[in-house]
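**Student:** Predicted coordinates and the sequence they were generated for:
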Amino acid sequence: MYKTNQISDYQSRLKEEQKQVLIDHCNEFEIFPEICAWYDDMEDFYIDWITDNNIYETEEGADARYEDGINEGEFLKFESGEIIRLVV
């Protein structure tokens, strides 16, 4: 079981209430709580995956990747709309 003191948040952006949400998520998916990317919202996600890095050509492609990542625990979306990506 992971604990909040094990969180690696390279941007130190996590709010206290988000830390527990993250730990619950990581324990559910058995993923170490190491954040490798922060997105302010889906638009920010699209900018990174489509515009800046040319990983996908369309939002539909990026959406499919996001949904796969949500289902596998790689991505976590907070109530605020912020999205984090975990190292898997």
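**Tutor:** That came in fine, so what should we check first?
**Student:** the strands in the protein, which residues?
**Tutor:** Taking DSSP state E as the test, the strands found in the chain are 8-9, 34-39, 75-77, 83-86.
**Student:** Which among these is found nearest to residue 53?
**Tutor:** The minimum distance between residue 53 and these falls on strand 34-39, with 10.8 Å, by CB to CB. All C-beta atoms are positioned from the backbone trio N, CA, C, and that covers glycine.
**Student:** Against which helices or strands is that closest one packed?
**Tutor:** strand 8-9, strand 83-86 (3 or more CB pairs under 8 Å, 6 or more residues apart in numbering; DSSP states H and E).
**Student:** a markdown table for the strands of the chain, including distance to residue 63 and mean neighbour count?
**Tutor:** Formatted as a markdown table, the strands of the chain follow (distance: least, CB to CB, whole Å; neighbours: other CB atoms under 10 Å):
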| stretch | distance to residue 63 | mean neighbour count |
| --- | --- | --- |
| strand 8-9 | 25 | 13 |
| strand 34-39 | 13 | 16 |
| strand 75-77 | 12 | 20 |
| strand 83-86 | 12 | 20 |
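**Student:** Residue 45 is nearest to which of these?
**Tutor:** strand 34-39 (4.4 Å).
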